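[1] From the sequence below, what's the structure:
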Amino acid sequence: MKLSPFDIATLNEIFKFDSDDNQRLSSRESGKLEFKEAFHFGSADDYAKTMAAFANAAGGYLVFGIKDKPRTLIGLKSDAFDSLDPAKLTQTLNSILAPEIKWDLFAHEVKGKRVGIIYIHEATTKPVLCLKTTKEVQEGAIYYRYRGRSEKIRYPELRQLLDNERQKERELWTHTLQRMARIGIENIGLLNSITGEVSGREG
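    Prediction:
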């Protein structure tokens, strides 16, 4: 059974605190974690850049309610995160990124303070790229997560990403051909998804 991205062990790993200051986090931004002080829907294009970077890498967490320098738990100061309409954010992200990315929202209480978390799943089809230029992103750009930064992808990572996609396609075709062989070519029917016509022995 697959664990929730918000299981208690993961949350405890995200919210680790210094022993001498129980409000200052010892956890650091990384290839799978980024902190934000507040959530504002007007900053969706900034979030889109980070979310695309996570989706093109191994997935990751955007956490709201953490002040930077020093990294301190302050909690959310408005209800913008709690009142967020997921459909509205999805629509905004889909206008900026393609293919569509998968993400989950979670509100969590830490030391009596409320924080917001968006978990971005690793994309099943890569690369996720930008459809238009905004203040934070550039049309045609592919963003990738490097340690604690979301940047335009570099050649080694892009090549690896594309090689992985080709390998997935080869494995899919191999699996399909193996199934056809088990069924028997003479028993296969092909559906034309455009015309609706089925070809094969049975018509």
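[2] Give me the nearest residue to the spatially most central residue of the chain, chain neighbours excluded.
    Among the residues of the chain, the one closest to the centroid is residue 120, at 2.9 Å (Cα atoms, centre = their mean). Leaving aside its chain neighbours, residue 120 sits nearest to residue 54 (4.1 Å; criterion: Cβ to Cβ, 6 or more residues apart in numbering). Where C-beta positions appear, they are placed from N, C-alpha and C, glycine not excepted.
[3] so the residue nearest to the centre of the chain makes contact with residue 55?
    Yes: under the criterion of Cβ atoms under 8 Å, residue 120 is in contact with residue 55, at a separation of 5.5 Å.
[4] picking that back up, could you tell me which residues make contact with the residue nearest to the centre of the chain?
    Residue 120 makes contact with 50, 51, 54, 55, 59, 60, 61, 62, 101, 102, 103, according to Cβ atoms under 8 Å, 6 or more residues apart in numbering.
[5] Residue 28 versus that one, what's the distance?
    Counting by Cβ to Cβ, to the nearest Å, the gap between residue 120 and residue 28 amounts to 18 Å.
[6] ok, residue 33 touching residue 15?
    No: in this structure, residue 33 is not within contact of residue 15 by Cβ under 8 Å, at 10.7 Å.
[7] which residues are common contacts for the two?
    Residues within reach of residue 33 and of residue 15 at once, by Cβ under 8 Å, 6+ apart, are residue 27.
[8] still on that earlier bit, my read is the residue nearest to residue 120 is in a strand, agree?
    No: Residue 54 sits outside any strand when classified using DSSP: H, G, I helix; E, B strand; the rest coil, being helix.
[9] so what's it up against?
    Contacts here follow Cβ under 8 Å, 6+ apart; on that basis residue 54 touches 32, 60, 62, 120, 122, 145, 150.
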